[in-house]
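Colleague: Next comes the sequence, and after it the predicted model I'd like to discuss.
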Amino acid sequence: MPTLFRWLFYGYLGRALGTMITMLAIYVIIELFDKSRYLGNGMSFSILIEYILLKIPFMVSEFMPVILLISASIYVSEISHHQELAAIRAAGLGINKLLIPLLSIGLLAALLNIAIAEWVTPTTNQRLDIIERVNIHKQADPHRGIQWLKDGHRLYRLTPLTDNRFAMLMIQTDEKGAWIKRVDAARAHYVDGKWILNDVHISQPSIEEGMQLTHKERVTFTSDIGPDSADPPSPRHMRFSELYRYAKNLERAGLSAGSFVLTLNKKLSTPVACIIMVLLAVALSMNMGSRITATSWGLISAISLGLLFYVFGNASSLLAGGERLSAAYSAWLPNLVFGGLAGFLILHREGK
């Protein structure tokens with residue numbers, strides 16, 4: 001690894017970690033003050049701490065592009081102010097010698113963002129939503145209540161147990177509405193379009209016996225109705241492959257899949273934004289010499305654009321939610337705008 005690459009790499013890595021810790025500390029303080037008003041009113045101190053810790057992965061994933069933008073701006077401004085950037089250029093080295101180490105950090109951050117969004121936040125968001133619904137907003141937990149579902153001539157009553165298992169009562173009727181079978185299962189779960197029932201008692205009317213009772217250890221049957229039919233899953237709780245399949249199923253059924261398509265594309269666009277923010281920071285903060293005013297304006301511009309990127313992303317998501325923009329387009333729109341701006345500024349500066 002060349003000395004210059006190693007120096008720039010570790011220098012920017014330190015600024016990125018410092019910026020991340022600072023932003024997380026600010027967030028924790030704000031959240032503690034905001035949510036502490038619910039203490040003793042449905043929320044205990046242990047639940048408050050759990051809420052804060054569970055939300056940290058979401059905040060890291062959400063603000064990673066902004067963290068990289070601010071930290072890269074700080075670092076490039078710093079080496080520019082101390083004439084180190086001028087020395088690099090005076091040695092005949094191109095801008096690529098500066099970009100490659102910084103983009104390497106951006107790539108690592110993008111991979112970290114993918115890992116968090118794929119394997120961490122789908123789980124933590126489920127618990128966060130329960131805390132917000134039950135402990136903060138005083139609403140019933142939908143996953144603890146009894147669900148009634150209907151699939152053709154079958155009527156289900158699902159009583160939640162644990163680990164996505166249910167106690168099931170199923171009534172099956174004929175075309176005239178007369179019942180022909182009752183199924184009681186001690187445990188049931190839904191996998192890939194099939195209900196799998198264990199410890200099953202089946203009751204059927206019988207002319208000879210009046211009622212025929214049978215017991216089976218295991219019963220399996222296909223059904224288009226699952227536990228998510230009454231309470232659709234949140235896109236925030238799903239991994240990439242789950243989002244893709246669910247969105248495709250909704251589209252095939254002729255239903256709106258906007259929120260799922262938006263979340264699916266954001267899982268891709270946010271890591272790409274990490275790279276774009278590094279390029280934008282270099283374009284804004286790079287200057288020759290120790291002009292403090294120019295350096296300060298570059299940093300201020302980077303922070304302002306970081307906030308604008310976040311606001312712009314939320315605005316495009318709202319437009320997608322109102323079906324005024326395509327969900328996929330709204331997820332990539334901030335990247336297109338800020339990526340184009342970064343490319344223009346770098347080409348313009350190098351062309352001077």
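Modeller: Cool, the structure landed.
Colleague: which regions of the stretch 251-352 of the chain lie under the pLDDT threshold?
Modeller: Applying pLDDT under 70 to the stretch 251-352 of the chain flags residues 253-255, 286-296, 298, 349-352.
Colleague: And the helices in it, which stretches?
Modeller: Under the criterion DSSP state H, counting those that start in this stretch, the stretch 251-352 of the chain contains helices at 258-285, 292-321, 327-350.
Colleague: list the buried ones in the shortest one?
Modeller: If I follow you right, that is helix 327-350. The neighbour-count check on helix 327-350 (16 or more other C-beta atoms under 10 Å) flags 327-328, 330-335, 338-339, 341-342, 345-346 as buried. For glycine as for every other residue, the C-beta is placed from the backbone atoms N, C-alpha and C.
Colleague: how about the strands in the chain?
Modeller: Here the chain has its strands, by DSSP state E, at 147-151, 154-160, 166-173, 179-191, 194-206, 210-222.
Colleague: Show me what the fifth one is in contact with.
Modeller: So the one you mean is strand 194-206. Residues outside strand 194-206 that contact it (C-beta atoms under 8 Å, 6 or more residues apart in numbering): 168, 179-190, 211-223, 226.
Colleague: mind redoing it with 6 Å?
Modeller: 181-189, 212-216, 218-223 (C-beta atoms under 6 Å, 6 or more residues apart in numbering).
Colleague: coming back round to it: so for Arg6, which of the strands of the chain sits nearest?
Modeller: Nearest to Arg6 among the strands of the chain is strand 179-191 (49.8 Å), distances taken as C-beta to C-beta.
Colleague: any idea how far stretch 116-133 is from the chain center?
Modeller: 9 Å (C-alpha atoms, centre = their mean, to the nearest Å).
Colleague: picking up where we left off before, which single one of the buried residues of helix 327-350 is nearest to Arg15?
Modeller: Nearest to Arg15, judged by C-beta to C-beta, of the buried residues of helix 327-350 is Ala342 at 18.6 Å.
Colleague: who touches Ala117 in this structure?
Modeller: Neighbour list for Ala117: Ser61, Lys267 [criterion: C-beta under 6 Å, 6+ apart].
Colleague: re the thing from before, any idea which of the strands of the chain scores lowest on pLDDT?
Modeller: If you rank these by mean pLDDT, strand 147-151 sits at the bottom with a mean of 81.
Colleague: Mind giving me the packing neighbours of it?
Modeller: With contacts taken as 3 or more C-beta pairs under 6 Å, 6 or more residues apart in numbering; DSSP states H and E, strand 147-151 sits against strand 154-160.
Colleague: Can you tell me the strand partners of the strand it packs on and which way each runs?
Modeller: strand 147-151 (antiparallel), strand 166-173 (antiparallel) (DSSP bridges).
Colleague: Redo those strands as JSON lines? Include mean neighbour count and distance to Ile26.
Modeller: Output for the strands paired with strand 154-160, formatted as JSON lines (neighbours: other C-beta atoms under 10 Å; distance: least, C-beta to C-beta, whole Å):
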{"stretch": "strand 147-151", "mean neighbour count": "15", "distance to Ile26": "41"}
{"stretch": "strand 166-173", "mean neighbour count": "19", "distance to Ile26": "43"}
